[in-house]
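Asks: sequence plus the predicted model coming up.
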Amino acid sequence: MNLRSKYNIPANSVITIAGTVGVGKSTITKALANSLGFRTSFEKVDTNPYLDPFYADFKRWSFHLQIYFLAERFKEQKKIFEYGGGFIQDRSIYEDTGIFARMHYEKGTMTPIDYETYTNLFEAMVMTPYFPHPDLLVYLEGSLDDILSRIKERGRPMEQQTPVEYWEEMHERYEKWINSFTACPVLRININEYDLIEQEASIEPIIEKISNALNQHSLLVKR
Ligand SMILES: Nc1ncnc2c1ncn2[C@@H]1O[C@H](COP(=O)(O)OP(=O)(O)O)[C@@H](O)[C@H]1O
Ligand SMILES: Nc1ncnc2c1ncn2[C@H]1C[C@H](O)[C@@H](COP(=O)(O)O)O1
């Protein structure tokens, strides 16, 4: 019996993984998809033409990068819809606006006009009844120190050159953001609760929690 059947997880579920840069989203996305027999939806990092220029000059490229990510995530959303679900998604579309665009606007590295244009576009595309929200958002949380050492260990050059204050600011914003997030049900997981690098089997207790969260929500909806 596979873990999806064992824990009664519907085959058409869409589970999105959220959390700050380097927290471990891609790693857990792969592990969950493998264990549940789901497809994956990853954000494109290596082929993103704006990411390197953005890290070199936030002011010049923040709007371009947000539009690029929005288009990419929307295409992924369409793919998930066309397959009828059964996906683990690496990063939610909500973080683009709730964390990144907002942070750059408030820090002065995105102009008010660009922010308004972006926000209008985001709301017209995403915050409509036609946009399917995920069944569950799994939020990965961890200490700033752990996250900084993971960013360092992964070694993406543009992230190494970014001042630590950027990651610190993002870490704080994530905590506030998740506390007021309501677009879909949330399951919080602390990254010290599992270790997929040393112990592959540590995915099973996470799947059990996901199952409880999904089933609890569907009971609430049925009531
Ligand atoms: N459970 C874990 N324990 C230790 N290191 C981890 C764990 N999960 C991820 N990592 C490491 O942390 C770094 C960032 O992980 P990644 O999945 O790429 O994060 P994200 O997708 O959130 O940016 C990678 O070097 C990865 O190998
Ligand atoms: N919406 C975004 N704005 C700015 N930067 C972003 C956005 N989404 C992702 N990123 C950056 C952050 C990282 O450098 C890479 C990949 O993110 P990760 O959390 O490592 O998967 O893209």
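Replies: On my side now, so go ahead. Ligands and ions are numbered 1, 2, ... in the order given.
Asks: what's the pLDDT at the residue sitting nearest the centre point of the chain?
Replies: In the chain, the C-alpha nearest the mean C-alpha coordinate belongs to Arg91, at 1.8 Å (C-alpha atoms, centre = their mean). Arg91 carries a pLDDT value of 96.
Asks: for this structure, which segments are assigned as strands?
Replies: In the chain, the strands defined using DSSP state E lie at 14-18, 39-41, 87-90, 136-141, 186-190.
Asks: in this structure, which helix or strand is least confident?
Replies: For the chain, counting by mean pLDDT, DSSP states H and E, helix 203-222 ranks last in confidence among helices and strands (a mean of 86).
Asks: ok, the closest residue to Glu159 other than its chain neighbours - how many residues close by?
Replies: Nearest residue to Glu159, sequence neighbours excluded (C-beta to C-beta, 6 or more residues apart in numbering): Ile151, at 5.4 Å. Any C-beta I mention is one placed from the backbone N, CA and C, and that applies to glycine too. Neighbour count of Ile151, defined by other C-beta atoms under 10 Å: 19.
Asks: now do Ser26
Replies: Neighbour count for Ser26, taken as other C-beta under 10 Å: 17.
Asks: try the one 3 residues further on
Replies: In terms of burial, Thr29 registers 24 neighbours under the definition other C-beta under 10 Å.
Asks: that one and ligand 1, how far apart?
Replies: Noted for Thr29: a distance of 7 Å to ligand 1, by C-beta to the nearest ligand atom, to the nearest Å.
Asks: ok, the nearest residue to Tyr55 once chain neighbours are set aside - contacts?
Replies: Leaving aside its chain neighbours, Tyr55 sits nearest to Met158 (3.7 Å; criterion: C-beta to C-beta, 6+ apart). Shown in contact with Met158 (C-beta atoms under 8 Å, 6 or more residues apart in numbering): Leu51, Asp52, Tyr55, Ala56.
Asks: go on, Tyr139?
Replies: Contacts of Tyr139 (C-beta under 8 Å, 6+ apart): Ala18, Gly19, Ile178, Val186, Leu187, Arg188, Ile189.
Asks: out of the residues you listed, who's near ligand 1?
Replies: Gly19 (C-beta under 6 Å from any ligand atom).
Asks: and which of the contacts of Tyr139 is nearest to Glu165?
Replies: Of all the contacts of Tyr139, Glu165 sits closest to Gly19, with 19.1 Å by C-beta to C-beta.
Asks: so that closest one sits against Glu141, correct?
Replies: Yes. Using C-beta atoms under 8 Å, Gly19 is in contact with Glu141, at 6.6 Å.
Asks: which residues are common contacts for these two?
Replies: When contacts are counted by C-beta under 8 Å, 6+ apart, Gly19 and Glu141 have Tyr174 as shared neighbours.
Asks: and the residue of this protein closest to ligand 2?
Replies: Nearest to ligand 2, among the residues of the chain, is Phe100, at 3.2 Å (C-beta to the nearest ligand atom).
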